[in-house]
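Visitor: curious how this folds, go ahead:
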Amino acid sequence: MELNQLNNEHDFSIPQRQSFAAIFLLMLKSAVTIGKSLWPILLVTLLKPGKEGQANKWLFIMIGFASLSILLALVRFLFYRFHINGDNLVINTGWLKKKTLSIPLQSIQAVHLEQNLWQQVFGVSKVSFDSVGSEKIEAQIDAIKTSKAELLKQMLLTQDKLTLLEKQEDDQSKIYRLSGSDLLKLSLSANHIEAFLILFAVSINLLDDLREAFDFDGWGLIGTFADGMQDHMILAITALILFVALLSVAFSIVRSVIKYYGFNLQTNNEKWNISFGLINRKQKIIPHRKIQLYSWHTNWLRRKLNFWMVDIKTIGQEETKEKHRLKIPLTSMQAAIDLAFAYQSSPVLIPGAGRMIEPAYWYRKTLFPALPVTLLLTGIGFIWLQWYALWIMLLLVYAAVRNYCWYKKFRWHANEEGIQLYSGLWGRRYQLLVWKKIQQVNFTQSPYQRSQQLASIHFTTAGGSVTLPYITLTNAHSLMNTVLYLVESKNEKWM
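Guide: Coordinates of the predicted model:
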């Protein structure tokens, strides 16, 4: 009987329930959602004296919310089923209002496995799916055994389902990992301005919540402190800048370690197996055939450290999927090139080689919007600064130099397999696109471009687009015709 039960658990043609741990996880999810919304009220109820009986009223309300959360969790668990019916993944949900979601296996582009701390304790994983034509994560299974989730992920992303269990990994697979020192480099070279903005937004929200809950005037306290430091303003500003910088760096380090701890990428001839995460452990499989765009980039500091981030775009990857967007940290340029061969076999474009765009690009970017914006700022500054406002015109010089340097570095190269773009100012970016992934090719012309007989070409794929700006109109028409001919004549599969 135990053997039959085990076989049924791994026979996905039979409707399956989630693990019993899903009940607890769904209740916990509901409790966290309620807690985030009502924590100021809870603090007031517990710490601030109120009218007689008010505490009991809120206690009964919380008990009611908790009971409702438990009931909803039980209903969702009992009426949730999933199975594979032929070439479709079928998910049945709902009690009064029943819903059946059928996803063709061929359209599934990515399967995400995630484990938070509680899921790791129970030995279960959350499984979610991306599919063609969806602008968000279509469906998810909150909790099934990790071994079962691994098997389901393999089945959904492997075409030969019957021989999956007997299939062996390629002996020539390569493994990429991040050491402790690599994590430190990744953290220290992160975007600390972004980290500061996140902390700033969280702090403002916290101050507002405390003011509503306890009449705590956080902004007034900060103002009083600033007034008291007027005699030591330079010292106060210096200390504040150092404190903010250290706090932002510390936050970046913690965030990078939590996200990329234990990063491991194993690649073979068919797919990449990736796992990473400290608190929320994630596992992903990316079949080579489902990669639509491949690029890698670095900022100025990471370029000095030879540290690169690979950005993979698959079908239907929109901003709503930013949480699941995969950026792969690599410790050398050569590692990024080695992974690129799984997508495009042509040699990677060498900086300085390839073709340039037209110089009209940096003329246009300097004349508009840089010139009118600088003149506007100078005019506004003149009201307070008088003739000293002319120093603002240096922004126009900076914009011109910046646009010119970007134009000088930009290179592109096209062959029978695809196109490669190289760009950057302080950092660097490589973009690769193979022709067979293209869904649409078009070019645009602004009034200025029309007057100069120029155009920009946009290559659109199911995972995003690549733009080649400011080339001659003759070259644009020639490249478009060549690309369309290669795509139609070869008739290769794009996924």
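Visitor: switch to C-alpha atoms for all contacts and neighbour counts from now on
Guide: OK.
Visitor: my guess is G379 is in a helix, correct?
Guide: Yes - under DSSP: H, G, I helix; E, B strand; the rest coil, G379 sits within a helix.
Visitor: any idea how far L395 is from it?
Guide: 13 Å (Cα to Cα, to the nearest Å).
Visitor: go on, W387?
Guide: Distance from W387 to L395, by Cα to Cα: 16 Å.
Visitor: so which of those two has more stuff around it?
Guide: L395 (17 against 11; other Cα atoms under 10 Å).
Visitor: tell me which helix or strand the nearest residue to that one once chain neighbours are set aside sits in.
Guide: Among residues not flanking L395 along the chain, T374 sits closest, at 6.5 Å (Cα to Cα, 6 or more residues apart in numbering). Per DSSP states H and E: T374 is located in helix 371-385.
Visitor: what are the ranges of the helices in the stretch 1-150 of the chain?
Guide: Taking DSSP state H, counting those that start in this stretch as the test, the helices found in the stretch 1-150 of the chain are 2-9, 21-47, 54-78, 117-122, 146-157.
Visitor: which residues sit against the third one?
Guide: Just to be clear, that refers to helix 54-78. With contacts defined as Cα atoms under 8 Å, 6 or more residues apart in numbering, helix 54-78 is touched by 17-18, 22-24, 26-27, 30-31, 45-46, 93-95.
Visitor: most surrounded residue in those residues?
Guide: A22 (24 neighbours).
Visitor: wait, isn't it in contact with K126?
Guide: No - using Cα atoms under 8 Å, A22 makes no contact with K126, being 9.4 Å away.
Visitor: overlap in contacts of the two?
Guide: 142-144.
Visitor: next, the closest residue to S295 other than its chain neighbours: secondary structure please.
Guide: Excluding the flanking residues, the one nearest S295 by Cα to Cα, 6+ apart is Q431, at 4.3 Å. Here Q431 is strand, with the state taken from three-state DSSP.
Visitor: beta-bridge partners for Q431, please?
Guide: S295, L421 (DSSP bridges).
Visitor: how many other residues sit next to it?
Guide: 19.
Visitor: what do you get for S489?
Guide: Burial measure for S489: 9 neighbouring residues, criterion other Cα under 10 Å.
Visitor: kindly report the same for R255.
Guide: If we define neighbours as other Cα under 10 Å, then R255 has 15 of them.
Visitor: pLDDT value on it, please?
Guide: Per-residue pLDDT puts R255 at 89.
Visitor: and T224, by the same measure?
Guide: Residue-level pLDDT assigned to T224 equals 65.
Visitor: show me the contacts for Y343.
Guide: 288-289, 291, 294, 434.
Visitor: ok so, going back, which residues touch the residue nearest to S295?
Guide: 293-296, 420-422, 466.
Visitor: over to L484?
Guide: For L484, the contacting residues are V441, by Cα under 8 Å, 6+ apart.
Visitor: got the phi/psi numbers for it?
Guide: Dihedral pair for L484: phi -60, psi -40, per degrees, to the nearest 10.
Visitor: mind checking pLDDT for it?
Guide: Value for L484, per-residue pLDDT: 88.
Visitor: try Y407
Guide: For Y407, pLDDT reads 96.
Visitor: so how many other residues sit close to the residue nearest to it when sequence neighbours are not counted?
Guide: Once flanking residues are discounted, Y407 sits nearest to W362: 6.4 Å by Cα to Cα, 6+ apart. Neighbour count of W362, defined by other Cα under 10 Å: 22.
Visitor: hang on, W362 is in a helix, isn't it?
Guide: Yes - with three-state DSSP as the criterion, W362 is part of a helix.
Visitor: so it sits against N403, correct?
Guide: Yes - applying Cα under 8 Å, one finds W362 in contact with N403, separated by 5.1 Å.
Visitor: related to what we said a few turns ago, now do the contacts for the residue nearest to L395.
Guide: 392-393, 395-396.
Visitor: just for the stretch 51-200 of the chain, where's the confidence low?
Guide: Counting by pLDDT under 70, the stretch 51-200 of the chain shows low-confidence ranges at 51-59, 61, 132-138, 158-172.
Visitor: just the stretch 201-350 of the chain next, same as before
Guide: Across the stretch 201-350 of the chain (using pLDDT under 70), the flagged ranges come out as 202, 205-233, 236, 316-325.
Visitor: what ranges do the helices span in the stretch 301-450 of the chain?
Guide: 333-340, 360-365, 371-385, 394-409, 447-451.
Visitor: the stretch 151-300 of the chain now?
Guide: Under the criterion DSSP H, counting those that start in this stretch, the stretch 151-300 of the chain carries helices at the ranges 180-188, 192-214, 218-228, 233-260, 300-305.
Visitor: pull the residues that contact the last one.
Guide: Counting contacts by Cα under 8 Å, 6+ apart, the residues outside helix 300-305 that touch it are 185-186, 189, 308, 426-428.
Visitor: give the buried residues for it.
Guide: Neighbour-count burial for helix 300-305, with 16 or more other Cα atoms under 10 Å as criterion, is recorded at 302-303, 305.
Visitor: and for stretch 106-123?
Guide: 107-116, 118-119, 122-123.
Visitor: about what we covered before: between the contacts of helix 300-305, which is closest to S489?
Guide: The shortest gap between S489 and any of the contacts of helix 300-305 belongs to R428, at 34.2 Å (Cα to Cα).
Visitor: pLDDT value on the closest one, please?
Guide: At R428, pLDDT is 95.
Visitor: burial of it, as a residue count?
Guide: 19.
Visitor: do the same with S451
Guide: 9.
Visitor: relative to W272, how far out is it?
Guide: Taking Cα to Cα, one finds S451 at 47 Å from W272.
Visitor: over to S423?
Guide: In terms of Cα to Cα, S423 sits 27 Å off from W272.
Visitor: and if you look at R255?
Guide: R255 is 24 Å from W272, by Cα to Cα.
Visitor: repeat for K145
Guide: For K145, the distance to W272 equals 22 Å [Cα to Cα].
Visitor: how about the helix holding T374, which residues are buried there?
Guide: Judged by neighbour count (16+ other Cα under 10 Å), helix 371-385 contains these buried residues: 371, 374-375, 378-379, 381.
Visitor: just flag the most distant two among the residues you listed.
Guide: L371 and G381 (15.3 Å).
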